[in-house]
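>>> The following block contains a protein sequence and its predicted model.
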Amino acid sequence: QQRIADLHQAMENHYIRNYLCFYDVLLVDHEGDIFYTLRKESDAQDNLFEGESAACPLARCLRTQPREERFIDFHHYVVSGEPAAFFVEPVLKDGQLLGWMVLQCAVNKI
């Protein structure tokens with residue numbers, strides 16, 4: 001358990017050190033479940049392909065262009081209730097899509 005906790009802390013430290021210019025870092029599985037957010041925001045455990053989130057540009061991009069690196073311009077992000085933009089990086093293993101790393105930009109971080 002301690003090794004897992006240490007690995008988790010090292011991962012958080014890496015993202016904070018290297019990606020602090022982004023508002024948040026989301027890890028999303030191939031089914032649209034947000035299983036991790038660096039800032040522990042309310043979208044953790046949500047599914048981007050269901051409910052109100054399903055119509056947002058981020059969800060549409062993940063569904064229609066799942067294997068593409070993309071930038072999604074600022075739009076009203078339902079989960080945070082304010083405008084956000086996203087950089088999307090697909091995560092592949094042996095050619096199979098596992099999910100995405102999504103870097104969230106908030107208007108107030110620019």
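Okay, I see it.
>>> Spell out the residue ranges of the helices in this protein.
Taking DSSP state H as the criterion, the chain carries its helices at 2-19, 57-64.
>>> Tell me which residues touch the residue positioned nearest the centre of the chain, please.
Nearest residue to the geometric centre of the chain (Cα atoms, centre = their mean): Leu26, 2.6 Å. Listed by Cβ atoms under 8 Å, 6 or more residues apart in numbering, the contact set of Leu26 reads 34, 36-38, 43, 100-104. Any C-beta I mention is one placed from the backbone N, CA and C, and that applies to glycine too.
>>> Same check on Arg63?
Contacts of Arg63 (Cβ under 8 Å, 6+ apart): 32, 49.
>>> Look at it and report its pLDDT.
Here, the pLDDT recorded for Arg63 equals 96.
>>> Report the separation between it and Trp100.
Taking Cβ to Cβ, to the nearest Å as the criterion, Arg63 is separated from Trp100 by 11 Å.
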